[in-house]
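Visitor: Pasting the sequence and the predicted coordinates here, then a few questions.
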Amino acid sequence: MTESTATKSACVLSLENVRKKYRGREALKGISLELNAGELLGFFGPNGAGKTTMIRCISGLLRPDSGKITRHVLVDSVSTGPVRLGLVPQNLAVYPDLTVHQNLEVFGRLEGVSGRPLRDRISEVLKWASLEDRAKSLAKTLSGGMQRRLNIACSVLHRPGILLLDEPTVGVDPQSRERIYAMLEELTAQDAAVLLTTHQLEEVETRCDRIVVMDHGTIVANGTLSDLVQQTIGQPHRVILRFDHPYTKPLASFILDEPRTSATCAIKSMKELPQVLSVLKQLDCEPSQIDVRSYGLQDVFLELTGRSLRE
Amino acid sequence: MILTILRILYLRLRNNPLELLLVFVMPVIFFSIFAAIFSNGIATGGDKKLRVGWISNRDTALGFQLLGFLEQNSSLICTRLNSSADETTSDAITSDPTIADQTTSDQLVSDQPALDQTNSEAPANQTADEVDLNDSDSDSVLDDATIESKISDAQKSGRYDLIIRLPADFPNRLVEVSDNEDQPVCQVSLVTDGQNPMAVSMVTSIVKGFFAQKRAAVAAEQLMSLRTSSGLAADVDVPGAGDRPVPPQAMVPGSAVSGNRPQFFDAAKEPTDVFVNDKNADWIQTNPDGVNSVNGQEGVPSEWAIAPDKPPSENPTQLLETALADKAGSENDDAVNISVENPQAASQENPRIAMYAAGIAVLFLLFSATGNAAALLEEAESGTLDRILVSKAGLFHIVTGKWLGILLLGCLQITVMFLWAEVAFKIQLGKHLIGFCVMTFSTAAATASFAMLLATLCKTRAQLNAVSVVIILSMSAVGGSMIPRFAMSDRMKEIGRWTFNAWALDGYQKVFWYQSPLSSLQAEVTVLLGSSVVLGVLTLMLSGRWKRG
């Protein structure tokens, strides 16, 4: 891991052709990636794709066999060093027999925060994580959602510029998940870069600024959801017509299937839908059913990684 | 349903090798360890010998005979303490069978010249002056201060279960003072540190056995003399006849007594083989059918027989004969006065409790240390360790911090144990505070490193629990936390030297029991702290695996 002054202020972390063999197999096969300040990057991939190995490499727990991982020094930062890192492990990496406040205190100290700044920061973080009322409760007595929030809170006491989260919302209810993403958005609003791995497609689709799909140790797609759909599937929406009897007439841009009981047409935007319906009317076509489907990350993911089981 | 529940139990057991190990293999391991200890390692075992030190103000013939008698006893290892050069065990002394023979049974049955021969072949490290046993003013005379000093040093060395001390007035021959029957003829002191209570009773019994023989020999010789003077000379030999001059009338050339020492009742056995350590035996009996026996050995000449109860005879010769025979069978209480001394008793108060406290403390110290070290595995499993490693704390900080925590906790744990022992059982912690602190720190440091290394080598908490239980209980059994080390055989003691428990207990023993100076703890402290450093460095070297995940 190296450090450098950011050539562009937005980039806080860059990976260049990172390779790593782990437990006898090549877990990372030349990963290149950039993470920008204030960005929420969703890392997505099947089990065994290499996500955790990559996070361990970024966090310094594993040393890459080759390649370069750079944490940049922000030009406008008051700190002279590279942006600091926070890690939120997948498991509840807190001490269950310490109180919420005690957990925050010890992890703050481990990050070099102490004294009054620590006390102030603990107060802020307790409020941020909505745990003020439970500050004196033992961590093991908290609900699953609270424990997850505490797990994240323990990693932000030193105001990290980069926060790595490994599946931070596993096993929590929708309300807690909402709260967790709200917390992450607050961090990104303060220019922290957040990289999270998850299997929750909906979360990545709706919450992340950018999505990286990883498979077999390589990045197979990188961009916004629409970019990914465009790159993998093409048009993001489809109009599907269904007929009770085989339709025998020509149907403009629609592609009829073999029994001719259904026809599909791809459109770039939902704005094109009225135009499509108008064409159907002109052709005097009266399908029994019209479906409009938008392609999502699930389609992109399956398109990129296939449908075969990985484990 | 019940069968399904049973099947679940069976399948889980079958699929979990570690649990299988705990259920089936561990009991066998422990059984083997304890079986080995109890069958061979405890005092009842074959190779357990009491280590007895021997010291006397001056060397005398009777003293040497007693020494030879003790050396012949298979349950003792005797070491002379009269001078540092004399500290040679009986194994070395008796390694030459010729010498061994002559220092024991032969001495007891031989005449005076034979005794001189014994002196000439006494232990090689004795000087000629020292072995001039006929001379009651032997050159080998130690003053009381020197004796006390030597005893003190020997006790503090922890090498002896007991020390036998003969006073300056210990006689050359038993007969010398036998005229005064109201007073014991010989004074023997057994100096103990109180650690091995079995040693006192065992050695007392053996010493009494020796004097029983000597007493019997004197009585028999008197009887023979009486018979000889009455014209009833028998073709018999007398055990221990060397203690007094053989009556001139018995020294007739060609007679059995002056000639080839014929056996008096059984050619296959020496008399001492019959009498040794058999203080409770009625050693001459006449059965109702008139057959005489000695300790079950029949065919004893009738001259040796104790006549069945008869009405008192008016014949003075018969009266004397009966009296002498009665004396021979009356044990030895009037021949020797055995006193037991514990020089440290005045300054000790419940030192044994201190040893128990140390034993239990070290056992639980090992358990608590591994328990605390297991937190490292717990943190690794939960991901907390990853979080810490990503922080400003490195592996060195983590390992050192954990080690220090276990060390401090261990010190506190032992201190609490000893404080309670002081309050409840009156051990003298305050008096030995520095020694206690040194030993406690060393012990806690060694156990902390040991526990950290175990945690580093194990992959899961379950693995650590299984491994640590086996290792700790084994170490505690062999090392003296469960069974006192003084009760173990030498071999088992040596095996125990590979455990922390043994070194720690030896150290605490020196502090609380022997009240040795700090310098005497050098070996224990070196081993414990050295182990701590070596195991600690190993832990640091192997701890890289925490990062690799």
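Guide: Happy to help now that I have it.
Visitor: For A:D209, what are phi and psi?
Guide: With angles defined as degrees, to the nearest 10, A:D209 sits at phi -70, psi -30.
Visitor: Same question for A:V106.
Guide: Reported as degrees, to the nearest 10, the phi and psi values for A:V106 are phi -70, psi -40.
Visitor: Which residues are in contact with it?
Guide: Listed by Cβ atoms under 8 Å, 6 or more residues apart in numbering or on different chains, the contact partners of A:V106 are A:95, A:98. In this view, the C-beta of every residue, glycine as well, is placed from N, C-alpha and C.
Visitor: With A:K136 instead?
Guide: For A:K136, the set of contacting residues under the criterion of Cβ under 8 Å, 6+ apart consists of A:99-101.
Visitor: Please tell me how far it sits from A:G108.
Guide: Using Cβ to Cβ, to the nearest Å, one obtains 17 Å as the distance from A:K136 to A:G108.
Visitor: can you give me the strands in the stretch 201-311 of chain A?
Guide: In the stretch 201-311 of chain A, strands defined by DSSP state E, counting those that start in this stretch lie at A:210-215, A:218-223, A:237-242, A:255-256, A:262-267, A:289-294, listed in chain order.
Visitor: Equivalent analysis for the stretch 1-150 of chain A, please.
Guide: Counting by DSSP E, counting those that start in this stretch, the strands of the stretch 1-150 of chain A are A:2-5, A:11-22, A:25-36, A:40-44, A:66-73, A:85-88.
Visitor: And those: which comes nearest A:T248?
Guide: Of all the strands of the stretch 1-150 of chain A, the one in closest proximity to A:T248, counting by Cβ to Cβ, is strand A:40-44 (43.5 Å).
Visitor: List of residues touching that closest one?
Guide: Identification of contacts with strand A:40-44 by Cβ under 8 Å, 6+ apart yields A:35, A:51, A:54-55, A:184-185, A:188, A:193-199, A:201, A:203-204, A:207-214, A:297, A:301.
Visitor: Only alpha carbons, please: show that strand as PDB.
Guide: Backbone C-alpha positions of strand A:40-44 (Å, rounded to 0.1, in the frame of the first residue of the first chain) are rendered in PDB as follows:
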ATOM      1  CA  LEU A  40     -21.000   5.200  -2.200                       C
ATOM      2  CA  LEU A  41     -19.700   2.300  -4.100                       C
ATOM      3  CA  GLY A  42     -21.500  -1.000  -4.100                       C
ATOM      4  CA  PHE A  43     -19.400  -4.000  -4.600                       C
ATOM      5  CA  PHE A  44     -21.400  -6.900  -5.900                       C
END
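Visitor: how distant is stretch A:115-128 from the center of its chain?
Guide: 27 Å (Cα atoms, centre = their mean, to the nearest Å).
Visitor: buried residues in that stretch?
Guide: Neighbour-count burial for stretch A:115-128 flags A:118, A:121-122, A:125-126, A:128 (criterion: 16 or more other Cβ atoms under 10 Å in any protein chain shown).
Visitor: Which residue comes closest to the closest residue to chain A within chain B once chain neighbours are left out?
Guide: Closest to chain A within chain B is B:G383: 2.9 Å, counting by Cβ to the nearest Cβ. Residue nearest to B:G383 in three dimensions, not counting chain neighbours: A:P89, with 2.9 Å by Cβ to Cβ, 6 or more residues apart in numbering or on different chains.
Visitor: Count the residues that sit near that neighbour.
Guide: When neighbours are counted by other Cβ atoms under 10 Å in any protein chain shown, A:P89 registers 24.
Visitor: Could you do B:A361 as well?
Guide: Around B:A361 sit 25 other residues, with neighbours defined as other Cβ under 10 Å.
Visitor: helices or strands next to the stretch of helix or strand it belongs to in the packing?
Guide: Per DSSP states H and E: B:A361 is located in helix B:351-382. Applying 3 or more Cβ pairs under 8 Å, 6 or more residues apart in numbering or on different chains; DSSP states H and E, one finds that helix B:351-382 makes contact with helix B:384-390, helix B:395-425, helix B:433-457, helix B:461-479, helix B:500-508.
Visitor: export those helices to JSON lines and tack on mean neighbour count?
Guide: Conversion of the helices and strands packed on helix B:351-382 to JSON lines gives the following (neighbours: other Cβ atoms under 10 Å in any protein chain shown):
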{"stretch": "helix B:384-390", "mean neighbour count": "24"}
{"stretch": "helix B:395-425", "mean neighbour count": "17"}
{"stretch": "helix B:433-457", "mean neighbour count": "24"}
{"stretch": "helix B:461-479", "mean neighbour count": "20"}
{"stretch": "helix B:500-508", "mean neighbour count": "26"}
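Visitor: ranking the ones you listed by mean pLDDT, which is last?
Guide: Ranked by mean pLDDT, the helices and strands packed on helix B:351-382 bottom out at helix B:461-479, with a mean of 85.
Visitor: Please export the alpha-carbon coordinates of it; CSV is fine.
Guide: Included here for helix B:461-479 are C-alpha records, laid out as CSV according to Å, rounded to 0.1, in the frame of the first residue of the first chain:
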residue,chain,number,x,y,z
ARG,B,461,-11.6,-21.7,20.6
ALA,B,462,-12.9,-25.3,20.7
GLN,B,463,-9.5,-26.5,19.6
LEU,B,464,-7.8,-24.4,22.2
ASN,B,465,-10.1,-25.6,25.0
ALA,B,466,-9.5,-29.2,24.2
VAL,B,467,-5.8,-28.9,23.8
SER,B,468,-5.3,-26.7,26.9
VAL,B,469,-7.4,-29.0,29.1
VAL,B,470,-5.2,-31.9,28.1
ILE,B,471,-1.9,-30.1,28.5
ILE,B,472,-2.7,-28.2,31.7
LEU,B,473,-4.1,-31.1,33.6
SER,B,474,-1.2,-33.3,32.4
MET,B,475,1.3,-30.6,33.4
SER,B,476,-0.4,-30.1,36.8
ALA,B,477,-0.5,-33.8,37.5
VAL,B,478,3.1,-34.4,36.6
GLY,B,479,4.3,-31.0,37.9
